[in-house]
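>>> fold the following, please.
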Amino acid sequence: MPYQISEPVDIPRLQQILNALEVEIDEREQVAAALARQNAELYGELQRRLAESESFNRVLVSLLQKTVLEQVLNIVCTEAQGLIGATGSAVLLLTDQAWLEVKHRLGKPLAAVEPVPVDGSLAGQVVRQGEPVLLNDPALFAQAQVYQWPSDLTALLAVPLRVNGGVIGVLDVVNKAGGFTEQDVPVMSVFANQAAMAIEHARLQQQAEQLAVLAERQRLARELHDSVTQSLYSVTLYANAAALALAAGKGDVTAGYLQELQETAQEGMRDMRLLIFQLHPPVLEVEGLVAALQARLAAVEGRAGLPTEFRVAGERRLPIAIEAELFWIAQEALNNVRKHAAAQHVTVHLHFTAATIALEVLDDGVGFDPGAVPAERRGGLRTIAERTAHMGGKLTYESMPGAGTRVKVEVAL
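Numbers count the residues shown, from 1 in each chain. Sure thing, here's the model as predicted:
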């Protein structure tokens, strides 16, 4: 049935209602648009914070992985640029209280490598005051004495690298499109704090490795003096004694001295082979851990007449740093067997899995009571423990008087 209007329509009133509805719709559309913009801003902020968090995590991972200093510095510069959209970066570290050295540089423009004085430079100001500096006006660069950057610099943010309450250097990021903002300063400051910890950790590790190399050289020098040098001195004495006996017509005595000379010379040769392997295992880098241990057992234990057994399960190559540490650990354990165990047989076992590597050295020698060995006589085990800890591995050893010794090192890959 058709709809019928029984009363006259109030056109002005209807128009008023329609206008009010139109205004309300416009207002709601404006509110919706504002909410959309706000949501977009919040989403952008969230994405930025996530990117910041990921960069911070990557720096922390580099710290936990104990990477070398050059690797840490490259990660720091790369992440710093990506974090706020800069095109270049550099890390300057204090060499003393008067100079900063450009330790790493990345991107464009590329920082100069000349040392930067602490006094009278922008980087030095950051070190002295411990506060970031932001410059977006190229006209200010000459006045600010930015020595380490070329003339095509357009924007600079320099933040201090802080560790344990002190400043160890400066992190520079440069040439962000549109210039750096005040919001970039706290972001880079937090990042720089994380980076400084990673850098300091890597530097301390580098120093520890240098000290370990020095200690190893000193140990080898002592062993050279105590073994090979003494053997050569004994060879000289036996040779002189044999010459005197021969001149006196004492053939039997001469033969005895020559026999002693031969045995002493052979012992010196064995000691020299051992020292050569300790200085540089020739096959380790080229052929890997398994081949290096086979060569060691053949060249040292084999020629010394000590029967050995070498068992390998799941062989594969590992990072050279891990292979080198495991080789030195095996060598230290084998040296202990040779010097102290009076063993008739020694077994070396390598067990590779997808996630771990285990090294075991087992001998049937005299053994010892671990609790009764004084600290000054635990040098070999202490060295093994230090190298194992350096890899984040686990060391176990078992021994009893008359029952031999078992040393095992396990490392997660």
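>>> which secondary structure elements does the worst-scoring helix or strand of the chain on mean pLDDT contact?
Within the chain, no helix or strand scores below helix 141-144, which has a mean of 73 by mean pLDDT, DSSP states H and E. For helix 141-144, the packing partners by 3 or more Cβ pairs under 8 Å, 6 or more residues apart in numbering; DSSP states H and E come out as strand 133-135. The C-beta positions use only the backbone N, C-alpha and C, and glycine is treated the same way.
>>> now the strand it packs on: mean pLDDT?
Taken as a whole, strand 133-135 has a mean pLDDT of 93.
>>> what of stretch 152-160?
Stretch 152-160 comes out at a mean pLDDT of 92.
>>> ok, now stretch 356-363?
pLDDT averaged over stretch 356-363 gives 95.
>>> still on that earlier bit, what helices or strands is the next helix or strand after the least confident helix or strand of the chain leaning on?
Next helix or strand after helix 141-144 toward the C-terminus (DSSP states H and E): strand 156-163. Applying 3+ Cβ pairs under 8 Å, 6+ apart, one finds that strand 156-163 contacts helix 122-129, strand 133-135, strand 166-174, helix 184-223.
>>> can you give me the helices for the stretch 251-400 of the chain?
251-279, 284-287, 289-296, 320-336, 379-390 (DSSP state H, counting those that start in this stretch).
>>> got those as JSON lines, with mean pLDDT columns?
Shown next, in JSON lines, are the helices of the stretch 251-400 of the chain (pLDDT from 0 to 100):
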{"stretch": "helix 251-279", "mean pLDDT": "79"}
{"stretch": "helix 284-287", "mean pLDDT": "79"}
{"stretch": "helix 289-296", "mean pLDDT": "90"}
{"stretch": "helix 320-336", "mean pLDDT": "89"}
{"stretch": "helix 379-390", "mean pLDDT": "83"}
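>>> right, and the ones you listed - which one's nearest residue 115?
helix 320-336 (30.8 Å; Cβ to Cβ).
>>> distance from the chain centre to the closest one, please.
Offset of helix 320-336 from its chain centre (Cα atoms, centre = their mean, to the nearest Å): 18 Å.
>>> picking up where we left off before, flag every buried residue along the least confident helix or strand of the chain.
141, 144 (16 or more other Cβ atoms under 10 Å).
>>> chain center to it: distance?
37 Å.
>>> just the C-alphas of that helix, formatted as CSV.
Provided in CSV are the C-alpha atoms of helix 141-144 (Å, rounded to 0.1, in the frame of the first residue of the first chain):
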residue,chain,number,x,y,z
PHE,A,141,81.8,23.0,11.3
ALA,A,142,85.0,25.0,10.8
GLN,A,143,84.4,26.9,14.0
ALA,A,144,83.6,23.6,15.8
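>>> can you list contacts of that helix?
Helix 141-144 has contacts (Cβ atoms under 8 Å, 6 or more residues apart in numbering) with 122, 133, 135, 149, 153, 156.
>>> same check on stretch 299-318?
270, 273-274, 277, 288-290, 293-294, 297, 323, 326, 334, 337-338, 343-353, 357, 413.
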